[in-house]
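The following comprises the amino acid sequence and a computationally predicted model.
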Amino acid sequence: MSEARLFLLQRGSAAVLGLCVAVHLVTLVLAVQAGLSAEAILGRTRGQFGWLVFYGLFAAAAAVHAPIGLRAVLRETAGWKGQGADLALLAFGALLLAAGWRAAWAVFA
Amino acid sequence: MSADAGETLTARIWRSGPGRFQDFRVPRRANQTVLDVVTWIQRRLDPTLGYRFACRVGMCGSCAMTVNGVPRWTCRTRVERAAPGGEALEIAPLRNLPPIKDLAVDMTPLFERWQKALGRFVPPVEQGNDFVVVPPATPARRAADAGIECIGCGVCHAACDLAAADVEYLGPAALNRAWTLVNDARDGAQLARIAAVAAAGGAFACHSHQNCQAHCPKGLNPTAAISGLKRMAALGSRP
């Protein structure tokens, strides 16, 4: 994938993350202030496709954003670059995506 | 230029032989520049001191050094500005470029990066019948003009933390030069140049720290040039 495409993906995913983090934090604060237990929160999210889509998107954006940033960090601090580094970071992104979607599914199902 | 009542200043000069700073006492003079101090030491105290200068008037870009931790053009930097309040003057070679001797660095890697970024004018293969008209007020020409006064001193490259971390990074000087050329209607290598600056270690590696524009002695803004290259390479947008 070209550097330009990676750049756009990282900026685009950052925009999505900014929105998702804001919604997530506001929801978190509102739920805590309302005194909801974890069970009560899950009771409200289960079966709601909206939350599944929201957290699914959140996890996908994080899985795209983090490896691209880490790629620059590894290149600049450890000198690790090239195909080996890219494959490792692809695996890292896949791990993030799997873990994130698993968590999103747990909120839904 | 006369000495002010026999006052002296301490100049700590990097010596590559022993690999440490060496202190010299130099007469303090009104309006003296850092280059004046180095030249005085080389001519009066130690003729083996290695450094580089040519024009002495801020045109040639050959006298840049690290002065009290800051990359500067020494011919246009007054001592009282670099070391205010009578503090010691510490002079070292520019960083991010290989040292040759004492205060002189090898500028070759800087200009190799210019070539890698296709930072040279390439005439178009098909020459038109007439001269290309370049109206000075067009956004593209204004963008090129904003970066055209670079003297190649290497100060921005020395100031860049990314250039320090990644030896393959093209650096602000080369990318600024490329930006002036992609905005030049007469140039015939636009696609190749965009490809060169969009490769790994090119414009997209820049973190926009803006050390380059903060230290450029000509007041240029290579960060803005690099941002322009990013927009052009990623989105195809022009000024």
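Sure thing, it's come through.

strands paired with the helix or strand of chain B with the lowest mean pLDDT, and their directions?
The helix or strand of chain B with the poorest confidence is strand B:3-15; it has a mean of 85 (mean pLDDT, DSSP states H and E). Strands that pair with strand B:3-15, judged by DSSP bridges, come out as strand B:20-29 (antiparallel), strand B:89-92 (parallel).

possible to save those as a markdown table with distance to B:Q190?
Just so you know, the C-beta spots here come from the backbone N, C-alpha and C atoms, and that holds for glycine as well. Below are the strands paired with strand B:3-15 laid out as a markdown table (distance: least, Cβ to Cβ, whole Å):
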| stretch | distance to B:Q190 |
| --- | --- |
| strand B:20-29 | 47 |
| strand B:89-92 | 39 |
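
Most tightly packed of these?
strand B:89-92 (a mean of 22; mean count of other Cβ atoms under 10 Å in any protein chain shown).

ok, back up a step: the least confident helix or strand of chain B: which residues count as buried?
Neighbour counts over strand B:3-15 (16 or more other Cβ atoms under 10 Å in any protein chain shown) mark B:L9, B:A11, B:R12, B:I13, B:W14, B:R15 as buried.

What of stretch A:85-103?
Neighbour-count burial for stretch A:85-103 [16+ other Cβ under 10 Å]: A:A85, A:L89, A:G93, A:L96, A:L97, A:G100, A:W101.

Which one of those residues is nearest to B:F53?
Of all those, the one sitting nearest B:F53 is A:A85; the distance, using Cβ to Cβ, is 42.6 Å.

Now do the phi/psi pair for the closest one.
The phi/psi pair for A:A85 (degrees, to the nearest 10) reads phi -60, psi -40.

and the closest residue to B:H209 other than its chain neighbours, what does it touch?
Distances taken as Cβ to Cβ, 6 or more residues apart in numbering or on different chains place B:D161 nearest to B:H209, at 6.0 Å, with adjacent residues excluded. Counting by Cβ atoms under 8 Å, 6 or more residues apart in numbering or on different chains, B:D161 touches B:H207, B:H209, B:N211.

From B:N211, how far off is B:D130?
Separation of B:D130 from B:N211 (Cβ to Cβ, to the nearest Å) stands at 43 Å.

try B:L162
B:L162 is 9 Å from B:N211, where distance means Cβ to Cβ.

hmm, back to that, convert the least confident helix or strand of chain B to CSV, retaining C-alpha atoms only.
Provided in CSV are the C-alpha atoms of strand B:3-15 (Å, rounded to 0.1, in the frame of the first residue of the first chain):
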residue,chain,number,x,y,z
ALA,B,3,37.3,46.2,21.6
ASP,B,4,35.0,47.4,24.4
ALA,B,5,37.4,48.3,27.2
GLY,B,6,39.3,45.0,26.9
GLU,B,7,36.3,42.9,27.6
THR,B,8,36.6,39.2,26.5
LEU,B,9,34.1,36.4,26.0
THR,B,10,34.6,32.7,26.4
ALA,B,11,34.1,30.7,23.2
ARG,B,12,33.7,26.9,23.6
ILE,B,13,34.6,25.4,20.3
TRP,B,14,34.0,21.7,19.3
ARG,B,15,37.3,20.0,18.3
